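**Student:** kindly generate the corresponding structure for this input.
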Amino acid sequence: MTELAEYQPAESAPSFEGSPMLQHLREVAAAMRSRLDACRKAGETPEVEAVHQLRTGTRRVEATLETLAREAGARGLGKATEDARQRWLRQLKKVRRASGKVRDFDVHRELLAEHFLSETEDSKRATSPVVGSESVSKGAGEATPLVKQARLLDAWLKVQRSDAAQMLCTKLDEHAEQLLDAEQRFFDAIAKRR
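**Tutor:** Now for the predicted structure:
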C-alpha cells in the first residue's frame, strides 16, 4: 500500500447522508411516531396492541441510534450530533418507561386469561378435579375458587391498567412535542455533517 492510500485527513468525518442506516432510522422513527399518535387519540384509552407497538417502536429507534453511533467509528458523530442523539435517547426513554407500566398490566391480564380464565381451562378444572386442592369444582357450571380469585385479580388489573393508560396519555401529551423536537434536532445536526 502506498503512503497516499494510508493517509486520511484528521478533519474528515464519516458522511451519513444517504447511509442505509440513516434511512432505516428515518423509517423506524416514522413508524414510532405513528404509534405515538395511535396512543394519543383524544379521549380514548390506548389499545393493548398500540401500547405494545409504541414500546417496541421506541426500542427500535434506540437500537438504531446506538448502531449509528457505532458505525461512526472512532471519530464519532461530532459534538452537536452526539448531544442531539443523547437528547433524543432521553426523550425516548421517558416514553418507553411510561408505556412500560401499561404494557406490564396488559401482559399480566393476558397471562391470567390464558391460564385461568379461558373457557377451556374452566372446563378442564371442572371435569378433572385435583385431589386435596381448593380448585376442585363443586358443580359443572360453578367456578373454582382459583378462577374466582383470577377474576378478581383481573378486575383489579383492569382498573390499574386504565389508570396507568390515562397517565400514559398525559405523559405522551407532555413529551410528544419534546420527543419530536429532539428527533428534528438530531436529523438537522446530522445533515450538517458532511
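**Student:** quick one: pLDDT of Glu17?
**Tutor:** Glu17 carries a pLDDT score of 57 in this model.
**Student:** Arg55 too?
**Tutor:** 93.
**Student:** got it, and the one 5 residues further on?
**Tutor:** Note for Arg60: predicted pLDDT of 94.
**Student:** residue contacts, the most centrally placed residue in the chain?
**Tutor:** The centre of the chain sits closest to Arg55, judged by C-alpha atoms, centre = their mean, with a distance of 1.0 Å. Shown in contact with Arg55 (C-beta atoms under 8 Å, 6 or more residues apart in numbering): Arg96, Ser99, Gly100, Arg103. C-beta coordinates here come from the backbone N, C-alpha and C atoms, glycine included.
**Student:** any idea which element the closest residue to it other than its chain neighbours lies in?
**Tutor:** Leaving aside its chain neighbours, Arg55 sits nearest to Ser99 (4.5 Å; criterion: C-beta to C-beta, 6 or more residues apart in numbering). According to DSSP states H and E, Ser99 maps onto helix 79-112.
**Student:** which elements pack onto that helix?
**Tutor:** Under the contact definition 3 or more C-beta pairs under 8 Å, 6 or more residues apart in numbering; DSSP states H and E, helix 79-112 sits against helix 48-71, helix 145-192.
**Student:** doesn't Leu68 make contact with Glu82?
**Tutor:** No - using C-beta atoms under 8 Å, Glu82 is not in contact with Leu68, being 10.7 Å away.
**Student:** tell me who's in contact with the nearest residue to Thr45 once chain neighbours are set aside.
**Tutor:** Residue nearest to Thr45 in three dimensions, not counting chain neighbours: Ala165, with 4.7 Å by C-beta to C-beta, 6+ apart. Ala165 is in contact with Thr45, Pro46, Val51, Val102, counting by C-beta under 8 Å, 6+ apart.
**Student:** what of His175?
**Tutor:** By C-beta under 8 Å, 6+ apart, His175 lies in contact with Gln91, Lys94, Val95, Ala98.
**Student:** please repeat the previous calculation with a cut-off of 7 Å.
**Tutor:** Gln91, Lys94, Val95 (C-beta atoms under 7 Å, 6 or more residues apart in numbering).
**Student:** what do you get for Leu152?
**Tutor:** Applying C-beta under 7 Å, 6+ apart to Leu152 gives no contacts.
**Student:** report the buried residues of whichever strand or helix holds Gln23.
**Tutor:** Assigned by DSSP H and E, Gln23 belongs to helix 20-39. By 16 or more other C-beta atoms under 10 Å, the buried positions in helix 20-39 come out as Leu22, Leu25, Val28, Ala29, Met32, Arg33, Arg35, Leu36, Ala38, Cys39.
**Student:** one more: stretch 171-179?
**Tutor:** Those would be Lys171, Leu172, His175, Ala176, Leu179, for stretch 171-179 by 16+ other C-beta under 10 Å.
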